[in-house]
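Any chance you could fold what I've pasted below:
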Amino acid sequence: MNPLVYVSVGLHYEISNSEMFGGEGSVGYTATNYGGVQNLENVDDTFVEKQIELVAAMLEVSKEEVKLISKEEFDLATEDSDRTEIDFDEDGD
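Okay, here's the model as predicted:
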(Lines give C-alpha, C1' and ligand atoms only; values in the text may rest on other atoms or scores of the structure.)
Protein backbone atom coordinates (compact mmCIF):
# COMPACT_ATOMS: atom_id res chain seq x y z
CA MET A 1 0.00 0.00 0.00
CA ASN A 2 1.20 3.48 -0.77
CA PRO A 3 2.84 4.88 2.40
CA LEU A 4 0.96 8.16 1.90
CA VAL A 5 -2.39 6.39 2.24
CA TYR A 6 -3.66 6.07 5.81
CA VAL A 7 -6.61 3.73 6.36
CA SER A 8 -8.73 3.55 9.52
CA VAL A 9 -11.28 0.87 10.30
CA GLY A 10 -14.09 1.69 12.72
CA LEU A 11 -16.66 -0.67 14.20
CA HIS A 12 -19.68 0.64 16.11
CA TYR A 13 -21.72 -1.27 18.65
CA GLU A 14 -24.94 -1.17 20.62
CA ILE A 15 -24.46 -2.84 24.01
CA SER A 16 -27.28 -4.25 26.14
CA ASN A 17 -27.25 -4.87 29.90
CA SER A 18 -23.69 -3.76 30.68
CA GLU A 19 -22.93 -2.33 34.11
CA MET A 20 -20.83 0.26 32.26
CA PHE A 21 -24.04 1.73 30.84
CA GLY A 22 -26.45 1.15 33.74
CA GLY A 23 -26.84 -2.63 34.11
CA GLU A 24 -29.82 -4.85 33.36
CA GLY A 25 -32.18 -3.27 30.83
CA SER A 26 -29.71 -0.58 29.75
CA VAL A 27 -28.48 0.20 26.25
CA GLY A 28 -25.15 1.87 25.59
CA TYR A 29 -22.95 2.56 22.60
CA THR A 30 -19.25 2.19 21.96
CA ALA A 31 -16.84 1.98 19.04
CA THR A 32 -13.44 0.57 18.23
CA ASN A 33 -11.16 2.28 15.73
CA TYR A 34 -8.01 0.87 14.19
CA GLY A 35 -5.65 3.31 12.52
CA GLY A 36 -2.87 2.56 10.09
CA VAL A 37 -4.50 -0.56 8.64
CA GLN A 38 -2.37 -1.88 5.79
CA ASN A 39 -3.93 -5.26 5.00
CA LEU A 40 -7.63 -4.67 4.37
CA GLU A 41 -8.11 -8.31 3.39
CA ASN A 42 -7.68 -9.10 7.10
CA VAL A 43 -10.77 -7.05 7.95
CA ASP A 44 -13.16 -9.91 7.31
CA ASP A 45 -16.04 -11.61 9.14
CA THR A 46 -13.59 -13.46 11.40
CA PHE A 47 -12.00 -10.14 12.42
CA VAL A 48 -15.41 -8.60 13.14
CA GLU A 49 -16.54 -11.62 15.20
CA LYS A 50 -13.34 -11.44 17.27
CA GLN A 51 -13.91 -7.73 17.92
CA ILE A 52 -17.45 -8.45 19.11
CA GLU A 53 -16.08 -11.12 21.47
CA LEU A 54 -13.45 -8.70 22.82
CA VAL A 55 -15.96 -5.88 23.38
CA ALA A 56 -18.33 -8.33 25.12
CA ALA A 57 -15.53 -9.51 27.42
CA MET A 58 -14.41 -5.97 28.18
CA LEU A 59 -17.95 -4.86 29.05
CA GLU A 60 -18.79 -8.13 30.84
CA VAL A 61 -21.77 -9.12 28.68
CA SER A 62 -22.44 -12.01 26.35
CA LYS A 63 -21.57 -11.56 22.69
CA GLU A 64 -25.31 -11.77 21.97
CA GLU A 65 -25.65 -8.48 23.86
CA VAL A 66 -23.21 -6.76 21.49
CA LYS A 67 -24.81 -5.67 18.23
CA LEU A 68 -22.73 -4.31 15.35
CA ILE A 69 -24.40 -1.16 14.02
CA SER A 70 -23.65 1.39 11.30
CA LYS A 71 -21.77 4.61 12.01
CA GLU A 72 -24.95 6.50 11.14
CA GLU A 73 -26.93 4.56 13.77
CA PHE A 74 -24.13 5.17 16.27
CA ASP A 75 -24.02 8.90 15.54
CA LEU A 76 -27.81 9.25 15.88
CA ALA A 77 -27.87 7.31 19.14
CA THR A 78 -24.99 9.25 20.71
CA GLU A 79 -25.47 12.77 19.38
CA ASP A 80 -26.60 14.08 22.79
CA SER A 81 -24.45 11.90 25.05
CA ASP A 82 -20.90 11.19 26.04
CA ARG A 83 -19.19 8.70 23.78
CA THR A 84 -17.05 5.76 24.79
CA GLU A 85 -14.62 5.00 21.98
CA ILE A 86 -11.49 2.87 21.96
CA ASP A 87 -8.79 3.85 19.48
CA PHE A 88 -5.95 1.60 18.41
CA ASP A 89 -3.15 3.07 16.33
CA GLU A 90 -0.73 1.13 14.16
CA ASP A 91 1.35 0.25 17.24
CA GLY A 92 -1.64 -1.29 19.04
CA ASP A 93 -1.60 1.46 21.68
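
what about the nearest residue to Ser62 once chain neighbours are set aside, which helix or strand?
Spatial nearest neighbour of Ser62, chain neighbours left out: Ala56 (6.1 Å); criterion: Cβ to Cβ, 6 or more residues apart in numbering. C-beta here means a position set from N, CA and C on the backbone, and glycine is covered the same way. In this assignment (DSSP states H and E), Ala56 forms part of helix 45-58.

Which strands and helices lie in contact with that helix?
Applying 3 or more Cβ pairs under 8 Å, 6 or more residues apart in numbering; DSSP states H and E, we find helix 45-58 packed against strand 8-16, strand 27-35, strand 66-69.

Next up, the contacts around Ser16.
26-27, 61, 65-67 (Cβ atoms under 8 Å, 6 or more residues apart in numbering).

Can you select the buried ones among the residues you listed for me in PyMOL?
Typed into PyMOL, the line below selects the buried ones among those, using 16 or more other Cβ atoms under 10 Å:
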select buried, resi 61+65+66
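
From the contacts of Ser16, pick the one nearest Gly36.
Among the contacts of Ser16, Val66 lies closest to Gly36 (Cβ to Cβ), at 24.5 Å.

Across the sheet, point out what pairs with that closest one.
With DSSP bridges as the criterion, Val66 is bridged to Ile15.

So for it, what's the pLDDT?
You'll see Val66 listed with a pLDDT of 98.

Tell me which of the helices and strands packed on helix 45-58 lies nearest to Asp45.
Nearest to Asp45 among these is strand 66-69 (10.6 Å), distances taken as Cβ to Cβ.
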